[in-house]
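1. I need the structure of the sequence given here:
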Amino acid sequence: MATDTCVRIRAAGRRYLDGLSGLFTVQVGHGREEPAQAAAKQAAELAYFPIGSYAHPKAVELAERLAGLAPDGLDRVFFTTGGGDAVESAWKLAKQYFTLTGKPAEHKVISRAVAYHGTPHGALSLTGLPGLKEPFEPLVPSAFRVPNTNIYRAPEHGDDPEAFGRWAADRIGEAIEFEGPDTVAAVFLEPVQNAGGCFPPPPGYFQRVREICDRHDVLLVSDEVICAFGRLGTMFGAQRFGCTPDIIAFAKGVTSGYSPLGGMLVADRLFEPFRHGTAMFAHGHTFGGHPVSAAVALANLDLFEREDLLGHVMRNRDAFRATLERLRDLPIVGDVRGDGYFYGIEMVKDRDTRETFTEEESERLLRGFLDKALYEAGLYCRADDRGDPVVQLAPPLTCDQAHFDEIEQILRAVLAEAWARL
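-> A predicted model of the protein is given here:
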């Protein structure tokens, strides 16, 4: 396992525990020589070559390796430069797939309230955060929202996770039927929704969604820009919850941030209509599958295997949760939720009634105090209010109990002070 220095960053002569993996990205930790050396070696051999009509060895090797790690049947790989591009590519592929199979009217997409899917116009249209979209309207039409899986604020079945999961999944079926099954191309879901503060799926949720998508011939896209590559203890987030999507969008952890790379894994059946005649997926990125990034990704995956990072997360995830659960004795802590090494702590004014903060109070709490106070205390994490005010944590996969304890101690001191200032 990596040393303690790999989970810390330095700024202005001080050391900080990276409690967010940069931005849900640096899975193997900072300062690792292997990906850096792989980048230098590849740049000296072949710094750039596009993948379109041809390919280069590292992209081919990485595609084969990713397909081997993915859920059964997702055998095709398309490379992009980042997560938003991967989501955008998935929507475009879904639309063209149905056009080629004689269903050109199937172009609409469904995503969840408060969910964030990226900055390109299509990905932003999928995003369920009106404030982020408003400056760029009008966006791509035909994107529709359904409830997310925040059981802490469930409008129904808040005391019964299985019933709530079925209720939330059935809202997807309801939306498909309302719009018309012959007009809906895909449903986009994160395994654990990031925006809003780490909403895990209730038991049976993804199985029910899979049934609904299959019944209506709608593609299920798993946006795993954050949840892939060990964040939940499995290589891909869908595997954590026993679901096989039609497309997986990925980025971030594929290189642990040592070089930009994204892409999508695609079910082989979606490639079938492109096999014939002159059909092609007329979409791509100059730097998609860049040789240096592909080499870094391969070195990153080598570290995953050599250090058994997936096993490390699975062995320590319960301890991480239990350590964060200690914070429930603070009156400002309303909920602790998430999975693997990916957690959100929601803050409330009244724990008994679950009363949240006003917009002005939230701004004062988060930007006026917590952001700076946590950083000054030596913890880099995210304090945000995309939905309700939360502190989010996603430490490098190399972290262990000593790091969990340090995170909890810093949070305890700063949150206690925040409450005293209210």
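2. quick one: contacts of the helix or strand hosting G173?
-> In this assignment (DSSP states H and E), G173 forms part of helix 161-179. The contact list for helix 161-179, computed with C-beta atoms under 8 Å, 6 or more residues apart in numbering, reads 108, 110, 144, 146-149, 151, 154, 156-158, 184, 187, 201-205, 208-209, 212, 215-216, 218. Heads up, the C-betas are built off the backbone N, CA and C, glycines and all.
3. parallel or antiparallel, list what pairs with the worst-scoring helix or strand of the chain on mean pLDDT.
-> Of all helical and strand segments in the chain, the minimum by mean pLDDT, DSSP states H and E falls on strand 8-11, at a mean of 80. Paired neighbours of strand 8-11 in the sheet (DSSP bridges): strand 14-18 (antiparallel).
4. would you mark the buried spots in the helix holding G173?
-> 161, 163-169, 171-173, 175-176 (16 or more other C-beta atoms under 10 Å).
5. could you tell me the end-to-end distance of stretch 268-280?
-> 15 Å (C-alpha to C-alpha, to the nearest Å).
6. do the same with stretch 17-32
-> End-to-end distance of stretch 17-32 (C-alpha to C-alpha): 16 Å.
7. what lies in contact with it?
-> Identification of contacts with stretch 17-32 by C-beta under 8 Å, 6+ apart yields 2, 5-9, 35, 194, 225-226, 229-231, 252-253, 256-258, 300, 303-304, 307, 309, 342, 378-382, 392-398, 403, 406-407, 410.
8. let's see 6 Å
-> With C-beta atoms under 6 Å, 6 or more residues apart in numbering as the test, stretch 17-32 has contacts from 2, 5-9, 226, 229-230, 252-253, 256-257, 303, 379-382, 393-398, 406-407.
9. that older thread, and the buried residues of helix 161-179, which is closest to A86?
-> I172 (21.5 Å; C-beta to C-beta).
10. which segments of this structure make up each domain?
-> Domain assignment of the chain by the TED database yields the ranges 8-19+308-421, 33-307.
11. please identify the most buried of those domains.
-> domain 33-307 (a mean of 20; mean count of other C-beta atoms under 10 Å).
12. looking at this, A185 is in a helix?
-> No - using DSSP: H, G, I helix; E, B strand; the rest coil, the assignment for A185 is strand, not a helix.
13. that one is in contact with P104, isn't it?
-> No - contact criterion C-beta atoms under 6 Å: A185 and P104 do not qualify, at 10.2 Å.
14. residues contacting the nearest residue to R10 once chain neighbours are set aside?
-> In this structure, R10 finds its nearest non-sequential neighbour in Y16, 7.4 Å apart by C-beta to C-beta, 6 or more residues apart in numbering. Shown in contact with Y16 (C-beta under 6 Å, 6+ apart): I9, G378, Y380.
15. and what of L324?
-> Neighbouring residues of L324 by C-beta under 6 Å, 6+ apart: V336, Y343.
16. which helix or strand contains it?
-> Here L324 sits within helix 309-325, counting by DSSP H and E.
17. got it, and V221?
-> With secondary structure defined by DSSP H and E, V221 is part of strand 219-223.
18. just to revisit the earlier point, can you tell me which two in the buried residues of helix 161-179 are farthest apart?
-> P161 and I176 (23.4 Å).
19. from P147, how far off is R337?
-> 16 Å (C-beta to C-beta, to the nearest Å).
20. quick check: the residue of the chain positioned farthest from its centre vs G102, distance?
-> Relative to the centre of the chain, the most outlying C-alpha is that of G277, 36.3 Å out, by C-alpha atoms, centre = their mean. Per C-beta to C-beta, G277 is found 14 Å from G102.
21. could you do L93 as well?
-> Distance, L93 to G102, using C-beta to C-beta: 16 Å.
22. could you dump stretch 332-344 to CSV, C-alpha only?
-> Taking C-alpha atoms only, stretch 332-344 is exported to CSV below (Å, rounded to 0.1, in the frame of the first residue of the first chain):
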residue,chain,number,x,y,z
ILE,A,332,-25.7,20.2,12.9
VAL,A,333,-25.3,16.8,11.3
GLY,A,334,-28.6,15.5,9.8
ASP,A,335,-27.5,12.7,7.6
VAL,A,336,-24.4,10.7,6.7
ARG,A,337,-24.8,8.8,3.4
GLY,A,338,-22.9,7.3,0.5
ASP,A,339,-20.9,4.1,-0.3
GLY,A,340,-17.4,2.9,-0.6
TYR,A,341,-15.0,5.9,-0.3
PHE,A,342,-17.7,8.4,-1.4
TYR,A,343,-19.8,10.1,1.3
GLY,A,344,-21.8,13.2,2.0
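23. scan this protein for its longest helix.
-> helix 401-421 (DSSP state H).
24. tell me what that helix is packed against?
-> Under the contact criterion of 3 or more C-beta pairs under 6 Å, 6 or more residues apart in numbering; DSSP states H and E, helix 401-421 touches helix 309-325.
25. list of residues touching the strand holding V221?
-> 87, 90, 94, 117, 186-188, 190, 213, 238, 245-249.
26. among those residues, which ones are in helices?
-> With DSSP H as the criterion, helices contain V87, A90, A94, C213, A238 from among the contacts of strand 219-223.
27. closest to G52 out of those?
-> Of those, the one sitting nearest to G52 (C-beta to C-beta) turns out to be A90, at 18.9 Å.
28. pLDDT score for that closest one?
-> A90 is assigned 98 on the pLDDT scale.
29. surely it touches G263?
-> No - taking C-beta under 6 Å as the definition, A90 is not a contact partner of G263, at 10.0 Å.
30. how far off centre is stretch 368-385?
-> Counting by C-alpha atoms, centre = their mean, to the nearest Å, stretch 368-385 is centred 21 Å from the centre of its parent chain.
31. i'd like the first residue to be 784 from this point on
-> OK, 784 is where the count begins now, so the last one is stretch 1151-1168.
32. could you tell me the end-to-end distance of it?
-> 13 Å.
33. spit out the contact partners of I1193.
-> A1160, L1162 are the contacts of I1193 under C-beta under 6 Å, 6+ apart.
34. quick one: C1182 and V790 touch, right?
-> Yes - when contacts are counted by C-beta under 6 Å, C1182 is listed as touching V790 (5.4 Å).
35. re earlier: out of the contacts of helix 944-962, which are inside helices?
-> If you go by DSSP H, those have Y988, R991, V992, I995, R998, H999 in helices.
36. from the residues you listed, pick the one nearest M1130.
-> In terms of C-beta to C-beta, no member of those lies closer to M1130 than Y988, at 25.5 Å.
37. can you give me the distance of the closest one to A1166?
-> From Y988 across to A1166, the span is 28 Å (C-beta to C-beta).
38. many thanks, we can stop here.
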